[in-house]
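Engineer: model this:
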Amino acid sequence: MPQLNPDIDHLVRRAGFGVSAPEAGTFANMSTPAAVDYFVDYEAHADDVDSKIGHPDYAQVTTKNAFTPDIDIDDARQRWLFRMIHTRRPLQEKMALFWHNHFATAFSKITADSGNLQAAKMFAYKPGALRGPQGQYELFRQYALGNFRDLLFQVATDPVMLIWLDGKSNTRAKPQENFGREIMELFTIGVDHYTEPDVYAAARVFSGWNLRQSTGYNSNDPNSYQEFVYNPDQHEVTAKTFSFPIYSDGSRTIPARSESAGMQDGLDLISALAMNPLTAQRLAKKFWGFFISDIAAPDPAFIDGAAAVYLQNGSEIRPMVRWILTSRWFTDPSAQFARYSWPVEYVVRSIKEIGWQGFSLDKVKSPLASMGQQLFEPPNVGGWPQGPNWFSTATMLARSNFAATLTSTQKDYLAAAVTSDAASAQGLLAAVMKRVTPAPLDSAPQQALSSYLTAGGVWTGSASQVSTRAAGLVRLLVGSPEYQLV
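Structural biologist: The predicted structure follows:
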């Protein structure tokens with residue numbers, strides 16, 4: 001595999017999920033600015049990844065019957081992993097993962113409400129063959145680098161969120177506070193920047209933002225669905241006053257409106273929250289942890305700069321992310337390998353770097369759960385605990401075991417890929433280090449790897465020796481502490 005320059009190697013890990021051997025040539029002679037454009041302007045690349053599912057040269061999927069990712073959550077998880085591995089638009093999938101954690105919702109609660117089939121459809125349905133609104137994950141893909149204010153509105157009317165935070169039961173007589181609280185605390189301005197009266201006012205703002213079932217609804221019918229509906233007769237019409245400005249003139253009060261015009265209350269609050277400088281700062285801090293480092297504390301100059309780009313561009317995310325990926329903080333060598341890899345990132349990157357021939361993504365489900373991150377199942381509304389919280393004795397064992405499982409399935413392919421470089425033990429080590437990308441190793445682990453290659457006798461480069469040692473070397477590297485950094 002061609003050796004990428006360190007700046008682009010860093011970019012493909014942070015803006016994507018690493019690079020596979022077949023993909024490396026795409027970036028081999030690309031300038032860093034061109035590579036940033038490749039990731040950020042992803043609409044220039046065909047979104048045809050789903051058409052590759054089932055082809056022999058790609059990662060495989062396994063299913064009980066027909067592969068139905070629109071209505072089966074296990075199949076939906078495999079499809080998302082497949083997209084992460086093979087997409088031509090890696091930043092789109094990376095941002096969908098970010099928004100999935102930012103607007104954390106869990107399949108388990110939705111299935112308890114609506115059944116397995118409808119819950120899976122609400123999360124993962126890709127419009128086409130069936131009736132009903134697109135799934136939440138498809139929404140995150142659509143707005144991956146879009147306008148945050150628009151995304152916030154779409155989330156507020158998303159069936160998954162309306163069930164998750166009890167919006168479907170938010171009525172004039174009994175305003176439901178859960179969504180009103182979380183849209184401020186978790187999705188926008190953050191804790192300590194709103195009051196309890198704000199929560200009650202927000203609950204009344206969104207009263208009547210409910211769900212309705214399709215005609216003849218049957219939870220076991222793939223063509224049945226639930227969708228957002230504004231119920232005017234359930235909207236509380238009086239004025240709502242907040243502790244922060246709602247309008248550009250500084251007014252903090254949403255005026256009383258008729259029932260028929262009451263949906264504007266929610267639109268006004270969403271716009272105010274999306275364009276609040278505190279929201280800009282909060283998103284900038286989360287992007288620092290996602291793109292720069294969750295080891296080093298955020299630089300206030302970065303937060304101010306990223307927030308300014310967000311506000312100047314009317315809450316558009318694309319200019320903000322482009323600014324981040326070209327900023328001095330991102331390009332500083334100290335930012336390389338300065339973030340802990342999420343389990344999904346770890347799994348996808350290892351598959352891309354090690355290989356996927358004959359490997360079924362169904363084998364990833366249990367290891368990911370053991371690592372602490374099952375797609376569509378964050379632990380609570382706050383999302384997954386991140387940074388060093390990903391790691392414990394049990395989760396590191398799960399990562400190491402996955403590395404061993406994956407490597408064993410790719411043993412012959414790995415040997416074939418490095419045979420021409422394996423005349424010496426050091427040649428083999430160098431070839432493997434071009435394929436897998438841990439953080440730079442200190443002298444002690446370097447020596448330990450060299451000793452592993454020559455353990456048991458003189459290096460001969462025989463086919464048997466290369467086959468055994470190449471796979472073992474990859475397993476050790478991918479299971480190492482250095483590989484947990486991205």
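
Engineer: those helices in the stretch 151-300 of the chain, which residues are they?
Structural biologist: Ranges of helices in the stretch 151-300 of the chain, per DSSP state H, counting those that start in this stretch, are 159-164, 178-185, 196-205, 263-274, 277-287, 300-312.

Engineer: Give the rounded mean pLDDT of the last one.
Structural biologist: If you average the pLDDT over helix 300-312, you get 98.

Engineer: the inter-axis angle of whichever helix or strand comes after that helix versus helix 277-287?
Structural biologist: Going down the chain from helix 300-312, the next helix or strand is helix 317-325, by DSSP states H and E. On the basis of axes from the mean of the first three to the mean of the last three C-alpha atoms, to 10 degrees, helix 317-325 is oriented at 50 degrees to helix 277-287.

Engineer: Tabulate the CA atom coordinates of helix 317-325 in PDB.
Structural biologist: Presented in PDB, the C-alpha positions along helix 317-325 are these (Å, rounded to 0.1, in the frame of the first residue of the first chain):
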ATOM      1  CA  ILE A 317     -22.000  23.100   9.400                       C
ATOM      2  CA  ARG A 318     -20.000  22.600   6.100                       C
ATOM      3  CA  PRO A 319     -18.100  25.900   6.400                       C
ATOM      4  CA  MET A 320     -17.400  25.200  10.100                       C
ATOM      5  CA  VAL A 321     -16.000  21.800   9.400                       C
ATOM      6  CA  ARG A 322     -13.900  23.000   6.400                       C
ATOM      7  CA  TRP A 323     -12.500  25.700   8.700                       C
ATOM      8  CA  ILE A 324     -11.600  23.100  11.300                       C
ATOM      9  CA  LEU A 325      -9.900  20.700   8.900                       C
END
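
Engineer: Quick check: what element follows it along the chain?
Structural biologist: helix 328-331.

Engineer: CA atoms only: put that following helix into CSV for me.
Structural biologist: Provided in CSV are the C-alpha atoms of helix 328-331 (Å, rounded to 0.1, in the frame of the first residue of the first chain):
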residue,chain,number,x,y,z
ARG,A,328,-3.7,25.4,12.6
TRP,A,329,-5.0,23.2,15.4
PHE,A,330,-6.0,20.3,13.1
THR,A,331,-2.8,20.5,11.0
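
Engineer: Pull out the buried positions in that helix.
Structural biologist: 329-330 (16 or more other C-beta atoms under 10 Å). The way it works is simple: take the backbone N, C-alpha and C, and place the C-beta from them, glycine included.

Engineer: same thing with stretch 71-89?
Structural biologist: Buried residues in stretch 71-89 (16+ other C-beta under 10 Å): 71-87, 89.

Engineer: Stretch 217-235 too?
Structural biologist: 222, 224-226, 228, 230-231, 234-235.

Engineer: Can you give me every residue that contacts Ser293?
Structural biologist: 335, 338-339 (C-beta atoms under 8 Å, 6 or more residues apart in numbering).

Engineer: Out of those residues, grab the one that's most surrounded.
Structural biologist: Arg339 (24 neighbours; other C-beta atoms under 10 Å).

Engineer: quick one: it and Phe287 touch, right?
Structural biologist: No. Here Arg339 does not reach Phe287: they are 11.6 Å apart, not a contact under C-beta atoms under 8 Å.

Engineer: Closest to the centroid, which residue in this structure?
Structural biologist: Leu97 (1.2 Å; C-alpha atoms, centre = their mean).

Engineer: What separation is there between that residue and Thr331?
Structural biologist: 23 Å (C-beta to C-beta, to the nearest Å).

Engineer: returning to that earlier point: ok, the buried residues of stretch 217-235 vs Val474, which is closest?
Structural biologist: Pro222 (41.6 Å; C-beta to C-beta).

Engineer: Next up, phi/psi of that closest one, please.
Structural biologist: phi -60, psi -20 (degrees, to the nearest 10).

Engineer: got it, and His55?
Structural biologist: Torsion angles, degrees, to the nearest 10, at His55: phi -80, psi 140.

Engineer: picking that back up, elements contacting the helix or strand where the residue nearest to the centre of the chain lies?
Structural biologist: Counting by DSSP H and E, the element that carries Leu97 is helix 90-102. Where contact means 3 or more C-beta pairs under 8 Å, 6 or more residues apart in numbering; DSSP states H and E, helix 90-102 is packed against helix 32-40, helix 73-86, helix 136-142, helix 317-325.

Engineer: Okay, angle between the second one and helix 90-102 too, please.
Structural biologist: Meaning helix 73-86. When the same axes, to 10 degrees is applied, the directions of helix 73-86 and helix 90-102 differ by 140 degrees.

Engineer: who does helix 73-86 touch, helix- and strand-wise?
Structural biologist: Other elements packing on helix 73-86 under the criterion 3+ C-beta pairs under 8 Å, 6+ apart are helix 90-102, helix 116-124, helix 343-354, helix 365-371.

Engineer: repeat that with 6 Å
Structural biologist: If you count contacts as 3 or more C-beta pairs under 6 Å, 6 or more residues apart in numbering; DSSP states H and E, helix 73-86 packs onto helix 116-124, helix 343-354.

Engineer: okay, now the domains of the protein?
Structural biologist: 1-40, 279-335, 343-484 (automatic domain parsing).

Engineer: nearest to Asn116, of those?
Structural biologist: Closest approach to Asn116 among the domains of the chain (C-beta to C-beta): domain 343-484, 11.8 Å.

Engineer: Can you pull the poorly scored residue ranges out of this protein?
Structural biologist: Low-confidence segments of the chain (pLDDT under 70): 1-2.

Engineer: Quick check: of the buried residues of stretch 217-235, which lies closest to Val432?
Structural biologist: Checking these one by one against Val432 (C-beta to C-beta), the nearest turns out to be Pro222, at 46.0 Å.

Engineer: so that closest one makes contact with Leu130?
Structural biologist: Yes. Counting by C-beta atoms under 6 Å, Pro222 does reach Leu130; the two are 5.3 Å apart.

Engineer: can I assume Gly115 is in contact with Asp221?
Structural biologist: No. Shown here, Gly115 and Asp221 do not form a contact pair, counting by C-beta under 6 Å, at 10.5 Å.

Engineer: Just give me the neighbour total for Gln336.
Structural biologist: Neighbour tally, Gln336, other C-beta under 10 Å: 20.

Engineer: show me what contacts it?
Structural biologist: His10 (C-beta atoms under 6 Å, 6 or more residues apart in numbering).

Engineer: measure it to Phe391 for me?
Structural biologist: 20 Å.

Engineer: ditto for Arg475
Structural biologist: Distance, Arg475 to Phe391, by C-beta to C-beta: 19 Å.

Engineer: higher neighbour count, these two?
Structural biologist: The residue with more neighbours, out of Arg475 and Phe391, is Arg475; 21 against 16, by other C-beta under 10 Å.

Engineer: Okay, and the more buried one sits in which element?
Structural biologist: Applying DSSP H and E as the criterion places Arg475 in helix 463-478.

Engineer: what's next to that helix, contact-wise?
Structural biologist: Identification of contacts with helix 463-478 by C-beta under 6 Å, 6+ apart yields 350, 354, 403-404, 407, 411, 414-415, 418-419, 422, 432, 436, 438, 453.

Engineer: so how far is stretch 238-245 from its chain's centroid?
Structural biologist: 34 Å (C-alpha atoms, centre = their mean, to the nearest Å).

Engineer: Same check on stretch 239-254?
Structural biologist: 34 Å.

Engineer: how far is the helix or strand harbouring Leu397 from where the chain is centred?
Structural biologist: According to DSSP H and E, Leu397 maps onto helix 393-409. Remark: helix 393-409 is offset 21 Å from the chain centroid, using C-alpha atoms, centre = their mean.
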